[in-house]
Structure formats: structure tokens, C-alpha cells
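Visitor: fold the following.
(4 chains)
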Protein chains: 4
Amino acid sequence: MNKKPLRIGLVGYGFMGRTHSNAYGQVNHFFDVAYRPELKAVCGRDRAKVEAFAARWGYEKAETDWRALVASKEIDVIDIASPNDTHAEIAIAAAQAGKTVLCEKPLGRNLQESRAMADAVEKAGVASMVWYNYRRVPAVTLAKQLVDEGRCGRVFHYRAKFLQDWTISAKVPMDGAGLWRLNADVAGSGVTGDLLAHCIDTAIWLNGSIAEVTAATETFVKERSSAVTGEKREVKIDDASAFLARFANGSLATFEATRYARGHKALYTLELNGENASIAWDLHDLHRLQYFEYSEDSRLRGWRSIHVTEGEHPYMKQWWVPGLQIGYEHTFIHQVADLLRELEKGKPAGPTFRDALATEYVVDAVLRSAQSGHWEKC
Amino acid sequence: MNKKPLRIGLVGYGFMGRTHSNAYGQVNHFFDVAYRPELKAVCGRDRAKVEAFAARWGYEKAETDWRALVASKEIDVIDIASPNDTHAEIAIAAAQAGKTVLCEKPLGRNLQESRAMADAVEKAGVASMVWYNYRRVPAVTLAKQLVDEGRCGRVFHYRAKFLQDWTISAKVPMDGAGLWRLNADVAGSGVTGDLLAHCIDTAIWLNGSIAEVTAATETFVKERSSAVTGEKREVKIDDASAFLARFANGSLATFEATRYARGHKALYTLELNGENASIAWDLHDLHRLQYFEYSEDSRLRGWRSIHVTEGEHPYMKQWWVPGLQIGYEHTFIHQVADLLRELEKGKPAGPTFRDALATEYVVDAVLRSAQSGHWEKC
Amino acid sequence: MNKKPLRIGLVGYGFMGRTHSNAYGQVNHFFDVAYRPELKAVCGRDRAKVEAFAARWGYEKAETDWRALVASKEIDVIDIASPNDTHAEIAIAAAQAGKTVLCEKPLGRNLQESRAMADAVEKAGVASMVWYNYRRVPAVTLAKQLVDEGRCGRVFHYRAKFLQDWTISAKVPMDGAGLWRLNADVAGSGVTGDLLAHCIDTAIWLNGSIAEVTAATETFVKERSSAVTGEKREVKIDDASAFLARFANGSLATFEATRYARGHKALYTLELNGENASIAWDLHDLHRLQYFEYSEDSRLRGWRSIHVTEGEHPYMKQWWVPGLQIGYEHTFIHQVADLLRELEKGKPAGPTFRDALATEYVVDAVLRSAQSGHWEKC
Amino acid sequence: MNKKPLRIGLVGYGFMGRTHSNAYGQVNHFFDVAYRPELKAVCGRDRAKVEAFAARWGYEKAETDWRALVASKEIDVIDIASPNDTHAEIAIAAAQAGKTVLCEKPLGRNLQESRAMADAVEKAGVASMVWYNYRRVPAVTLAKQLVDEGRCGRVFHYRAKFLQDWTISAKVPMDGAGLWRLNADVAGSGVTGDLLAHCIDTAIWLNGSIAEVTAATETFVKERSSAVTGEKREVKIDDASAFLARFANGSLATFEATRYARGHKALYTLELNGENASIAWDLHDLHRLQYFEYSEDSRLRGWRSIHVTEGEHPYMKQWWVPGLQIGYEHTFIHQVADLLRELEKGKPAGPTFRDALATEYVVDAVLRSAQSGHWEKC
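Guide: Next up is the predicted model:
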């Protein structure tokens, strides 16, 4: 139990600040790894709030300038969980300061920022990781295993969508706590960078690189009030985004994300159709994997619903017993567990900034195609 | 196409009269059998209605006394689709007249009538069949195949229920068109003979004989108006009935039926748990079979939902193409198809009256146990 | 019961010949309409087969040249259920002969043929109907009711797909019985005209006209043997087709069809997301409609699964009782029932050739966009 | 953030020791309560293991004799998570020492022990709580709200089952780590006390007291080896248990539990059918509640699947955002949160030992009826 400390400096105390902090606190309760996260400092702009957050989660210090974290000799890891417009600047500074850099997805607001981030960590020779947490849903990791074992055979189709409905009301304001996602200056883009980025990351992980896309975006509510100033402002993000894609392996794909699909809260679904088997998954029941295997006896063919709670399922030996499901935040715990495991071996736990940059190329092509009206290479 | 005629005399033009007539009309369109049903006569108490029925379905004659059918030399088969209180008398007379006798389930109103019916057909040496149509749902027939192939291994559990909600309102009257099921004098019993009889028939077919039961029945609405006379009368049927059972093979079972399960229209579900595999089915999606097979790779275990629409599935080659489902009335068509096929071979298509009597013994034990408060042998 | 005859001449005795014939035979058993289809003649190229078909389904005559049907004075309706390459010629001739013309979907092999067909029936002043049968699935008709009642509000999204897996094997030949769908000369196109046409028809019916599309098509198996000659030939149809669309009402849509989605037999799904409610449907469980209504009490919001078997549901009063489902072929019976009902009123039961032409414009735009790589107007 | 400490002494470091410890560690991260659990000591029989557990979960001390915890002045709460045969002795001693006593379910091994436990805490005037964690599944708590709001109306039916399959193999030994549940001397009973106890607790909570039962139990594997000594011994627990019940409110119920239902890992399902609404829930998808409300428009009636992840749903405001599910262990965190909240108000968070005793009366009646073969009062 003499675990080595890994000293964390967290930037951002919002939704993602909570998921990351929880992961740091929980990982050693469930996973046998040589490292132990030490919560050295958290940084946020509102002093009272950041202090309350530090007290709640056990951070030793609360700061209001992220530069204090980057400069601190007591910190090994800078973990960026603040809004998108801060990612590039902090990440690059942290890399230059020799820190391991973890960053919430997406990388930057655009391809330029993202590329600079990936270059910076490589130039500095520091480890990096992007929190594409859905790779660590046990059912999704199982999907990856099945694909890697060659069970699907030649892949013909991939389809993914991420459907929400929380911005349908025109009364939802555009700024203010937690609402920066509706502000293009802060977020970079709308659902393309926010939701489709998740879909694209998993897709590339499971099915390889995406060659080209044709896309459409839509902004259904054109004007929203600022929660800060009260004045009406033009909405510049994409409320919805859909694209067709061709993967390098020849498979054809459809992707869609929106915040205007009434009835769906966070319905991220994916499906891959191969010659011999197909796989489907759904975030609303994240502990299940749907699997169809072509069998000789046609009477017995059917989609099976795998309740991914067996000890042999990825990550699940560490949790409870078969039949008892885990939830959303566990994906972040798994990501930290992998990070700590890989640290022992001296290699990075993906996705690195370079890995994540692949998604940004696709995001960029989607946004370009939505403007140009024709296919764009990724 | 020179098919041999099988001359039908139908008694009853209600719901079941329609399903049987449809089956007679459809069977030769889809199944290659040597016989062709000829609709010679239909009998009912209301002349105008029975004539309209005859015209609609193509019966040559309409009668108001079933004895005319039994006496007719132009009729080979007497098919009884009238209320339960008529089954025994008609069946026995038909058997004595040398007719093949088909009867809607249950056999009689009670064990005594049922036994007399089974004895009568055997004494007369005539063929008999009871319309336990759910055996001919392709998914249920597939379940039977899988059990018979030994795929399940030793059976530990069986459970079945049949849930409806159509009599919850105390305003539903007790007599009148289609409502004789609420009148114990006509029906014999309530849900035990009406719904549980289906569950028991399938259970015995799939899992062998039932040794003993302990039961509870309930009448939730104690009084209902007669739709005929308007006066209030005591309700004497069982509105709900549940029982525990031990099968001869040592498996333990639960059964339940009710017309007071809000939200369920005709939810007949069954499940069998064996050492190596389990099977489940649900009338509300009758074209699917749920199947779980214990596999070596624990990662891949899961209940599979088999869409029973392949050409290799029972009866389905005769219908459409994979993915295109059939409905309720097809089960009757299958029953007639089997009847005609077996006729060529000179053997009866089950369940015969004798087969169906096994269900009546269980029904009787259930009703006895509900009175006695202890286990009763079947 | 003195029903007026409607004298039918059917061209084609394959899969669709069966569904149509069944509909003609069943409609008067279940629906109270003033007309009665009379099966005067069926036409097919193989004399033995067409005669067997006529005997099985009760057609008075069997012919091997469709011109005999068009010329016959004993026929009111020419119903075209033969391969796509015959549609235009027969339909135009039938119209010119003053017949009511019914035609399996799609209209012609391409927009040119389809337009000529629509023009011909209008010029001749005859009634026409295309068998887009999925409009008459009770659940889909219910969806139409709910949309027309304004329950959904402003529509943001529509998505549909039609997934099959029957041509994955490269051994499936290209011609021969029932396989003309793989031959572009006969079929016109692949899944775009075959499967997407269904999706587009329903979409336009539910959500109005489609303004523009961007599309991708793919042919996964490039060469197949002819079942007739045995020689290898290039496959010219689209095995898969996907497109993004903008409807005239501003909603954004995704569409996809393929015969390479392992595990899906005939999975036609559709979903519409409106401001106040969403609707989803799935052909594999065609008797259910998924419905989400935004409610005040956020605790009670949820997708409800409506078992479309109530007497108040479209068409269902004519069938059985709540909980007892119907199947695929019933959609054709409903279409004939509507045809006969409307005939009494002297107006056409949609979709007419003109209505169906709207789908062909979209199909054409999809195929053009798949070539051009940019958006195409419909 | 100046939270008051609540000093915990935990007995047992197995599966339940982990769930409780996790709850103590997590509660203040997510819930705003005035108390903070302090992990003072954990006790277990194996020194090395208990020390490792203490280190992992942050207990200050590790002990091997529970009397040390009961005697300690530094401990406010004795939490019993050790095997059933230790519950009564520890609980009674802890109560006598003036501690708050928490105990894993069931109370004792039998009614006698359980009654003594309830009496002891009341005599000592100390607070008590039993970890019937499933009451704190948000979907189940929501069910309780809906029932309490009178939405269901008169209740006709209740049904529950808890199906597992982990002891099917006769090779599973009878003693040894985690296997004491198969040893009647330690466990008291088999699935009746282990699994049905959960079903009964929730049932009474939702639907009131149970008046009488008739039951059947079964031991499918009669002999198992001891993992400790290797010798074969008779299995004395019930492998399966089923019963019919009448509630005080007149509703009729079925209950079943087994460890021989192939394909089910921990399938605890419950359903309540009321005059106006029905409710169903399933542990395998614990974040969903199925709800059917009788509505005026029969076209729109259907079971809705409520994804219980809204801020207005019980406990969920403290977690993530709509659509993101929680898992099994959260139910224990909720229980501790309620315990700490109620502590502020000076009243116990149920179920107390007295509350839990109601379940033991039913368990006892079930086991008695399984012997007597007739109905037993609870």
C-alpha cells in the first residue's frame, strides 16, 4: 500500500471538475495500481466557489489563476476541465513547464488550437491524455475487444448519433453558469465539437480513420439572451450537425448530433455492421452491449443483449458482482486507472493529444463541408 | 390442385368463429396440403347474425340449431366455437354421429364435462382436436423444438402469466354479447379456465406433466349488472388466479392470470429455465423468442432476441420474407394446416381431447386448492 | 351483402402478387365496404407457374401476355406487381385503355419513366394508386394522426433507415427468381429505389416535402454471377445508400438503406422529433408505436410503447381484440380497404401516381448527388 | 463545511463492507449534509486482510474482535456487514453499549434472533437501520412517491421475483470466502432470507403489510463439498423459494427467488397493478421505471420507460445531468445520505430494526408454509 503519489492540479470546478475529482478519489478504492493521486490544488475564477469545491473534494489549495498551478513544483499533472477557450493556452503552458497534461475534450476550439496543443506536448516530451471517457465504458471497451479479435470481419457500416433535447426552449440563455456551450466564442462550435467529437473519437478507435465527409449543420434558435447582460445575441453555434462519412476501410457511415431531439437526454448510440457480426451500444443503458453473430443455425440467430457486469468484462472485476451495474462516472475512474497503470510502464494511456487530434481533423472537415456543400477530406 | 374436401360445420359465429373461419379460408393459400376445407354450414342462435356471418365467410348454409349440423351427411367436421356451456353436449353428440370434433378451449366447464367429452370421442373412435392455438405460434413451436433437442438440460423453473385489464371497471356488465366469460354458469370458471388453461396447456407441452399445485383465486368486483336484465347479480367467477406448481420433472413453477393488471391487454408470457439454456416468450410480441444459452466465453453471454421470421423457423417458409412478421390469427391457420397434414397420414393433430384433458385436471386442482388452502394433486 | 364487383387483372405472381391477392381475398372478411374484388385474371411469363398461382388464389384466368389483361373488357383494374422494368409500359397502356391502374412501388426505373406514368394516368383520367403499404401499418397511420393533430409542434428532425443483410454473401447470384433486384437494368437502382423509396414516401407523408439532399452510395460486392448464364457480371446497383436532407419545413434529416447490415432483416425505422412530442416506429415490431410527449411533471416523462391493437387505433377495430397483433400482409389489406372505401366516394385512395412521383424526385436527387458530390435539389 | 463527525466502526470487510465504506467516503462529495462519517475502525477475523481493507478505505484502525469496536468510546455507530450468524450477537451488544446500530439485511438468521435485535435497540433507546438498499434506487423511490400520491388507486396485484443463476453448478462449494450463503448454519436460510427478503421489504414499503402466504421451497443440489474441509455435506438451504400472498389491502401477489434461473444474474423485478396506474422496475436496468397510466385517449395509452436521471427525480439532482445513469453502489450512498439528514432532525432513517422485523415475519411464514403445505399468517 506504499503507493507513489501523482500530484494533481485541476483547472475548472464545474461538471467535469467533479467527474475528474471523483475519479481521483475513487481509483485506489477499486483498482490496484502503484500510484495514488494527490489532490494538490484546484483553480477557478470565483474564489468562494473554488474554495468550497476544494473543501468538498479534498484539494489542498484553491487558486484563482491557473498559472499558479503550472508554476508549482508540487504538481505533476495539470488537468484542464475548464471551458474550451482556455484549453490551448493552459495546455501549452503546462507542457512547456514539463507537466503531464490532461485535457477535457475537445482539444481546442478549432483545428489550429488543437494542432498547437498536440505539437506542444510532443515538443516538450510530456505525457498527455484527453478525457474521451466513453472509450472506458466497459461495454464499449468490450466492443473494441470484439472488433480487435476480428469477430466482425469486413466492416460495411458504422452509424452513430448523440441526441439531446435541452436547448429546445428559446428561453434557455446563452451565457452564464454551465451555458458557455451555446457561445461559439467560448465553445468553438456547437454540437459538432461537443457531441459529435465523442462519436468520432469512438468511431476512429473502433473502425479506423475517416477519409472524407459531407455535412449539414443547423441553428434552430437564431437568437438567445445572455444570462449575464440580458441582451439578445445571435447564436453562432450549430444546434444540430449531421454527416455522411467514408472510412479508410471502405465502410460507409452516418453521424448525427443535436440538442433538439425531444425525448432524448444523452442518447449516444453507435452501431457497427461487419460481415460476420454486428455490435450496437447506447449510452442510456450503458451497461449493455448488443451483439449479433452470424451463426450456422438460422433458427438461433438473434441480437443478444449482453449485461456487461461479469468479472471477465473489461474493468468489471473491480466492481460488484454479475448483474449489478455501474454508472456514468465510472468511465472517468477507469480512465484514471488506465493512466496510473500505464504510468508504471512508462507509456501513455490513450488517447493522447495526437490521438485526439484525429477527431479534430474530422470535426474541422464537417464544419467546412457544412459551409462548402460538398465532400471534404479529413 | 385436386384437393380433397373436408366439409366443415361450425357452431358459433363470435370471436372464435371468425378466427376458425379465417383459418379455413386461408390455409390453402399458404400451405401445400391435400385437403381443402369446405364451409358447409355455420350455426348460431340469432338467425340474422348467423346469415350475415355465413355470407361474409362463405358458408353454404346458416342454421340456428346445432343438431342440424350434427345430423347432416354433408358435414365431416363439427367445429365448436360457441360458449363453454355448450361444448360437452355438442361434442358428445357429434362424436356419436361419427364426426371429427374440433373444440375451442377449454374442453368443458369442469372436469366432469371434460372427461365425458374425451371419453365420448374415444368411444366413438373419431378424431378430435382442441384449439390451443398458442402451440402454433412459430416462436412457441421453436421453443418446443429447442426443448425437445435437449438444449435446455435439466429444467429448474417454469413461469407463466396471462395478464389482462379489461374487467377493471365495475361498469362492465356480466352478460350480453361476448361477456358470457363473466358468468360462471356459462363459463365454468373465470380466468382459470379462460387464461390459465392456455398457460397450462403450453407448460405441459413444453415441460411435461404437473404433479401438484397450491392456489389462490380472487374476485375483485363482487357484483355486476346483467346486460340483459339490468339487475345486479353476484359475480361467481375468479377474476384472478395464481398458483405454485411442481412438475413431474422436479421443476418449480409459478402461474398467474388476471383481468385486473392495468396496462396489460393480453400479456401471456412464459419462461423456462434449464441448466444449459433458458427460453422466454411474450404474446405481445409473439414473433420473437428470447433465448439464453450458456456459453464458454462469459463475455458473450446474453439473452438473444430471435425474430422468428426465417424460412427455417416453424411455419414461416409459407409466409413472407425474413423480418416480416405475422400476427395472431396465423396460429389458427397453422393449426388447420397441421390438421390437414395429419389427416393425410391418418393420425390426429394434437392436442386431442385426451391431451387437453390433462389441462383440465390441473384447472380442477387449482380451483380445489383455492378452496382447500393446501396443495392438491393434479 | 350485395357488393359491387371490382374486377382485377393482376400482372406478376411473385412475392407482391401474393400480398396483393391475399388482400383482395381478405378485405371483405374484415372490412365493410360496398365493393368486392373479383379476381378475373393473373398474368405471368411462365405458363405452369401462373396457372398454379391462379388455382391457388382463385383467379378465373391465367395469361402469359399482359396485353390480354389490358385489352379485356372484363377487367376494371390493372394491378402491376411485376419487376420494375415492366411498370411504365404496362401502366401507360392500361391507362390508355381506361383502366384503374395500381402499381407496386417504385413507379418506374427512373424519373423519366415515373413521370411518364403519372402523366399517362392523368391524361387518361383514370384512378391510380401505388402500393406504399407501410402508410397502412396501423402504428404508422397513428403517427400520421398525431402529426396531423399538431401534437409534435415544430419539427426539428426526421430520421429513417431500412437495413437488411441478405446480399452480404458474394455467392448470391444476380439474376434468377426473385433476384432481379440486383440487376440494375431491371430494377433501375439498388436500395435507393427499393428500400429508401419506402422511407421517403412515409417521410413526405408525415413531414412534408424534401427540398434538397446530399448522398453517398456504395457497391460492396462488385461482381456477381448470373443465376441464368453462370457468368460473372459487374454489379451496377447501389448496395447501400445514405443521404442528408432538408425538408421544406426546415427540419434536418438522415436517411440510410443497405442490404449489408448484418443482423437486420427488414429493419425499417423512422423517427420524428418535434418541439412538443416525438414519434418512432420500427418494422420489426410493427404493431408498436413509440411516443414521447413533453409533460409538465418531469418525473413522469418517458417514451411510451403503444401496443397498437385497440379498437380506436387505425384499422384495428376490424381485427381482433386489444393485445392481439397483426402482421405484415395486413397493410395490403388496409390499402385495398381504403381503395374500396374511396371508390364509393369517387375519389382516389392515395398515394396516386402523382403523389408517388414526389418520392421519385427525391430518389433521383439522391442518385444524382451520389455522383456529383454536392447537394441536389429534389 | 464544518461538518459534525459521525464515527463509524465497521464489522466485516467483504462485499458489503465495501459498499458501506464506499458510501461513507462518497456521501459528502455529493450530498449537503451536516455530518461527516469518520472511519474509525474496521473489524474482521483475518488480520492481514482487515489491515489491507483499512488501508484501502481509510479506516484508522483494524481490529479482529468486534468487541473492541463495541467497547470503544471513539465510535458512535456500529455497522454490521459480517455474515448473518453474527448479526444478533453484535447488534445486541452494540445496542447495550449505546451505539447507533446499522445492520446488513436480513436482521438475524431467524425470527427469534431478529425479534431479539429489534427489542434490544428499542430497549436501549438507540437508533437502528437495516441496509435494505433497494428502497434508495431512485426509480424505486420514485415508485414509492407515485404510490403515495395515490396515482395507482386501489391495488389489485403485486409481483416480485429475484432470479440468479450462480449456484447451478454442483461444483460450487458450500463454504469458504463469500460462500457462507450456501451454509444454513451461517445464513439461516437460502434465497428466502437472502433474496426474497429484499422483495418483501420493498413490497411492504410500497403496498403495505402482507397478511398470509402459501409457499414452496426447493433444494436442487442436495450435496456440496466444503471449500474448507473438502468433504461432502448436505445442503440445507433453500435454492429456490416461491410464494403466493395476500396483502392487507386485498391485493393478490406472487413472489419468487432462485439461484437456478439460467441467464439471470441479479434480476430483481417488481410490479404493482393499480386501478389507475401500474408500475414496474427491474434491477438489471435500475435507472429506469416503467409506468402505465390509464388515459382518456385510448390511442395514446402505453407503458412509458422513464429514464430516472432528471434533477426532479429522487436523489438525482446530486449526481450528473439528465441521461447519465448511476449504478448499484449509489443506493448505499443514498442510504447514508438519508441517515445523516435524519440525524440532524433527530429521527431515524428507515428501515429501522422494527421496520425490518416485518419482513422477517413474512420470511418466517414462508418457511413455515413450505413445511406445512398450507397458508400461514405472517
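Visitor: what does the stretch 1-150 of chain A put close to chain C?
Guide: Counting by C-beta under 8 Å from any C-beta of the partner chain, no residue of the stretch 1-150 of chain A lies close to chain C. To be clear about C-beta, it is placed using only N, CA and C from the backbone, and glycine gets the same treatment.
Visitor: show me where the stretch 1-150 of chain A has strands.
Guide: Ranges of strands in the stretch 1-150 of chain A, per DSSP state E, counting those that start in this stretch, are A:4-11, A:35-43, A:61-63, A:77-80, A:100-103, A:128-130.
Visitor: reformat those strands as TSV; add mean neighbour count and mean pLDDT.
Guide: Formatted as TSV, these follow (neighbours: other C-beta atoms under 10 Å in any protein chain shown; pLDDT from 0 to 100):
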stretch	mean neighbour count	mean pLDDT
strand A:4-11	22	97
strand A:35-43	22	98
strand A:61-63	19	98
strand A:77-80	28	98
strand A:100-103	26	98
strand A:128-130	28	97
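Visitor: distance of the closest residue in space to A:Ser21 that isn't next to it in sequence relative to A:Ala68?
Guide: Leaving aside its sequence neighbours, A:Ser21 sits nearest to A:Trp57 (C-beta to C-beta, 6 or more residues apart in numbering or on different chains; 4.2 Å). Note on A:Trp57: its distance to A:Ala68, by C-beta to C-beta, to the nearest Å, is 18 Å.
Visitor: so between the two, which is more surrounded?
Guide: More neighbours surround A:Trp57 than the other of A:Trp57 and A:Ala68, with 20 against 14 (other C-beta atoms under 10 Å in any protein chain shown).
Visitor: and the more buried one, what pLDDT?
Guide: Note on A:Trp57: pLDDT of 98.
Visitor: which bits of chain A sit near chain D?
Guide: Close to chain D, as judged by C-beta under 8 Å from any C-beta, chain A has residues A:1, A:15, A:19, A:21-22, A:25-26, A:28-29, A:52, A:55-57, A:164, A:166, A:264-267, A:283-288, A:307, A:309, A:319-330.
Visitor: rerun that using 6 Å as the cut-off
Guide: A:1, A:55, A:265-266, A:284-285, A:307, A:320, A:322-328 (C-beta under 6 Å from any C-beta of the partner chain).
Visitor: secondary structure element for A:Tyr291?
Guide: Here A:Tyr291, judged by DSSP states H and E, is contained in strand A:288-293.
Visitor: contact partners for whichever residue of the stretch 1-150 of chain A sits closest to chain B?
Guide: Nearest to chain B, among the residues of the stretch 1-150 of chain A, is A:Leu142, at 6.3 Å (C-beta to the nearest C-beta). For A:Leu142, the contacting residues are A:Leu289, A:Val308, A:His313, A:Pro314, by C-beta atoms under 6 Å, 6 or more residues apart in numbering or on different chains.
Visitor: just the buried residues out of these, in ChimeraX syntax.
Guide: Buried residues among the contacts of A:Leu142 (16 or more other C-beta atoms under 10 Å in any protein chain shown), as a ChimeraX selection:
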select /A:289,308,313,314
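Visitor: what pLDDT does the model give the residue nearest to the spatial centre of chain A?
Guide: Closest residue to the average C-alpha location of chain A: A:Tyr132 at 2.8 Å, with C-alpha atoms, centre = their mean. Listed pLDDT for A:Tyr132 reads 98.
Visitor: one more: the one 10 residues further on?
Guide: According to the per-residue confidence, A:Leu142 scores 98 in pLDDT.
Visitor: please, which helix or strand holds A:Arg304?
Guide: With DSSP H and E as the test, A:Arg304 turns up in strand A:303-307.
Visitor: could I have the CA atoms of that strand written out in CSV?
Guide: C-alpha atoms of strand A:303-307 as CSV (Å, rounded to 0.1, in the frame of the first residue of the first chain):
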residue,chain,number,x,y,z
TRP,A,303,-29.3,-9.9,-31.3
ARG,A,304,-28.1,-10.7,-27.8
SER,A,305,-28.2,-8.2,-25.0
ILE,A,306,-25.0,-8.6,-23.0
HIS,A,307,-25.3,-7.3,-19.5
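Visitor: which SS state does the nearest residue to A:Gln26 once chain neighbours are set aside fall under?
Guide: Counting by C-beta to C-beta, 6+ apart, A:Gln26 lies nearest to A:Ile333, which is 4.9 Å off, once chain neighbours are set aside. Put simply, A:Ile333 is helix when judged by DSSP: H, G, I helix; E, B strand; the rest coil.
Visitor: again with the one 4 residues further on
Guide: Assigned by three-state DSSP, the conformation of A:Ala337 is helix.
Visitor: quick check: pLDDT value at it.
Guide: 98.
Visitor: quick revisit: list the contacts of the residue nearest to the centre of chain A.
Guide: A:Lys105, A:Asp201, A:Pro351 are the contacts of A:Tyr132 under C-beta under 6 Å, 6+ apart.
Visitor: distance of the first one relative to A:Glu271?
Guide: According to C-beta to C-beta, A:Lys105 stands 22 Å off from A:Glu271.
Visitor: would you mind giving me the confidence score for the residue nearest to A:Thr192 when sequence neighbours are not counted?
Guide: The shortest distance from A:Thr192 to any non-neighbouring residue, by C-beta to C-beta, 6+ apart, is to A:Ser241 (4.4 Å). pLDDT, A:Ser241: 98.
Visitor: give me the neighbour count for A:Arg224.
Guide: Neighbours of A:Arg224 using other C-beta under 10 Å come to 22.
Visitor: tell me which strands the helix or strand hosting it pairs with, and in which orientation.
Guide: Assigned by DSSP H and E, A:Arg224 belongs to strand A:223-225. If you go by DSSP bridges, strand A:223-225 pairs up with strand A:232-234 (antiparallel).
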